[in-house]
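Trainee: 3D, please:
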Amino acid sequence: MLIVMRTAATEADTARVVDYIKTLNLTPNPIPGAQRTAIGITGNTGALDPALFARFSDVCEAIPISRPWKLVSREVKPDDTVVSLPGPDNQPAQIGGGNFGVIAGPCAVESPEQLMTAAREVRKAGARFFRGGAYKPRTSPYSFQGMKDEGLELLAKARAETGMPVVTEIIDTRDVDLFAQHVDVVQVGARNMQNFALLEAVGSIKRPVLLKRGMAATLQEFLMAAEYICKNGNYQVILCERGIRTFETMTRNTLDLGSLPLLRRLTHLPIIVDPSHGTGDWRSVPALARAAVAMGADGLMIEVHPNPAQALSDGPQSLTPANFAKLMTSVKAIADVVGAKL
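Mentor: Here you go, the predicted structure:
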């Protein structure tokens, strides 16, 4: 159920409703909006009577929510969620609400030289966020697993020099406190989209979470995974479409761009696209990236490596800095046409 407060309701008015919801053994989830505050109620709300809230003069409306995902639904929050962090040149780095954000960098942190070169080049080309994997979940236990804690330190140095907030993947609940201290945007990868303990753990920290769609996940499962994060109090969630596994074998994954307009109608959360994993081939990345911008994505996540041929992971899908700069020129042109602020 959704409780919509009146425009003139104060924090004290909202607090009284929140306290009442708790007496019903339900969980209140205050969601500030552009015009007014709403309170999403989670728990066993099946028998909850909207008339119970008529006693509160500052409650505008009590609305039953039909979707199984409630807190991420546009029924709960009609206006777009905007994720905003301090960015380069003393300007915010933003994703959502008409703000288009580009996240770029190598798949993995491999060395100080590799990382700093990548950070400088993607920043020069116009990226606002910097990505790099410090901890790498790999299919083979013998593949490069990342530089771990040292990788986090190198990412911090890249942020200090370029001003870009850093995005990196968490793979273990034991690292949540560490990431909360050192990472700007915590990524939950495709393999962990339904790691519910991890989702709840990152939902308890005050850091934006970039949630990647699982390789075999339906859109409902994707949204329900985001619900786990929001249910624990963290509404700063970015959804990332990165391709799903289908019967096709000539591409790494099948990038589901058709999900974008549907997700836009269903959820207030920002939606970005990762064309690097979506195809697995750097030659296809620019076309898919441009298509994602045209279809209304809120951002892109692009893998860029100074020397893809020597990359320790995902070299075949990584752009060179020169190709990334060329892509950014076309992305800016399309963003202008569709009214997105890059």
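Trainee: Give the residue farthest from the middle of the chain.
Mentor: In terms of distance from the mean C-alpha position of the chain, Arg55 ranks first, at 38.3 Å (C-alpha atoms, centre = their mean).
Trainee: distance of that residue from Val17?
Mentor: 10 Å (C-beta to C-beta, to the nearest Å). For the C-beta atoms, the positions are set from N, CA and C on the backbone; glycine is no exception.
Trainee: quick one: the helix or strand where Leu178 lies to chain centroid distance?
Mentor: Assigned by DSSP states H and E, Leu178 belongs to helix 176-182. With C-alpha atoms, centre = their mean, to the nearest Å as the basis, helix 176-182 stands 17 Å off its chain's centre.
Trainee: which other residues reach it?
Mentor: 149, 152, 155-156, 168, 170, 186, 201-202, 204-207 (C-beta atoms under 8 Å, 6 or more residues apart in numbering).
Trainee: Just to be sure, which of the residues you listed are found in strands?
Mentor: 168, 170, 186 (DSSP state E).
Trainee: Check what pLDDT the residue farthest from the centre of the chain gets.
Mentor: Here, the pLDDT recorded for Arg55 equals 89.
Trainee: do the same with Thr254
Mentor: 96.
Trainee: Mind telling me what element Lys332 is part of?
Mentor: helix 321-338.
Trainee: Show me what that helix is packed up against.
Mentor: If contacts are counted by 3 or more C-beta pairs under 8 Å, 6 or more residues apart in numbering; DSSP states H and E, helix 321-338 sits against strand 101-105, helix 112-125, helix 285-294, strand 299-303.
Trainee: Next up, the contacts around the nearest residue to Leu288 once chain neighbours are set aside.
Mentor: In space, and not counting its chain neighbours, Leu288 is closest to Pro275: 3.6 Å by C-beta to C-beta, 6 or more residues apart in numbering. By C-beta under 8 Å, 6+ apart, the contact set of Pro275 is 255, 284-285, 288-289, 292, 300, 302.
Trainee: out of those, who's nearest Gln91?
Mentor: Of all those, Gln91 sits closest to Leu300, with 18.5 Å by C-beta to C-beta.
Trainee: The closest one and Leu288, how far apart?
Mentor: Note on Leu300: its distance to Leu288, by C-beta to C-beta, is 9 Å.
Trainee: quick one: Ser143 and Ser313 touch, right?
Mentor: Yes: taking contacts as C-beta atoms under 8 Å, Ser143 lies within contact range of Ser313: 7.0 Å.
Trainee: Which residues are in contact with each of those two?
Mentor: Lys136.
Trainee: okay, these two: which has more neighbours?
Mentor: Ser313 (19 against 13; other C-beta atoms under 10 Å).
Trainee: For Gln114, see how far away the more buried one is.
Mentor: 12 Å.
Trainee: before we move on, back to that, buried stuff in the helix holding Leu178?
Mentor: 176, 179-180, 182 (16 or more other C-beta atoms under 10 Å).
Trainee: still on that earlier bit, now that we have the contacts of helix 176-182, which of them are buried?
Mentor: By neighbour count, with 16+ other C-beta under 10 Å, these hold 152, 155, 168, 170, 186, 201-202, 205, 207 as buried.
Trainee: got those residues as JSON lines, with distance to Ala118 columns?
Mentor: Below are the buried ones among the contacts of helix 176-182 laid out as JSON lines (distance: C-beta to C-beta, whole Å):
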{"residue": "Leu152", "distance to Ala118": "16"}
{"residue": "Leu155", "distance to Ala118": "11"}
{"residue": "Thr168", "distance to Ala118": "13"}
{"residue": "Ile170", "distance to Ala118": "21"}
{"residue": "Val186", "distance to Ala118": "20"}
{"residue": "Ala201", "distance to Ala118": "29"}
{"residue": "Val202", "distance to Ala118": "25"}
{"residue": "Ile205", "distance to Ala118": "26"}
{"residue": "Arg207", "distance to Ala118": "22"}
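Trainee: Out of the residues you listed, flag the one nearest to Asn307.
Mentor: Checking the buried ones among the contacts of helix 176-182 against Asn307 by C-beta to C-beta gives Leu155 as the nearest, at 19.3 Å.
Trainee: Now do that closest one, the pLDDT please.
Mentor: pLDDT at Leu155 comes out at 97.
Trainee: Tell me which residues touch it, please.
Mentor: Per C-beta under 8 Å, 6+ apart, neighbours of Leu155: 109, 115, 130, 132, 134, 166, 168, 182-183.
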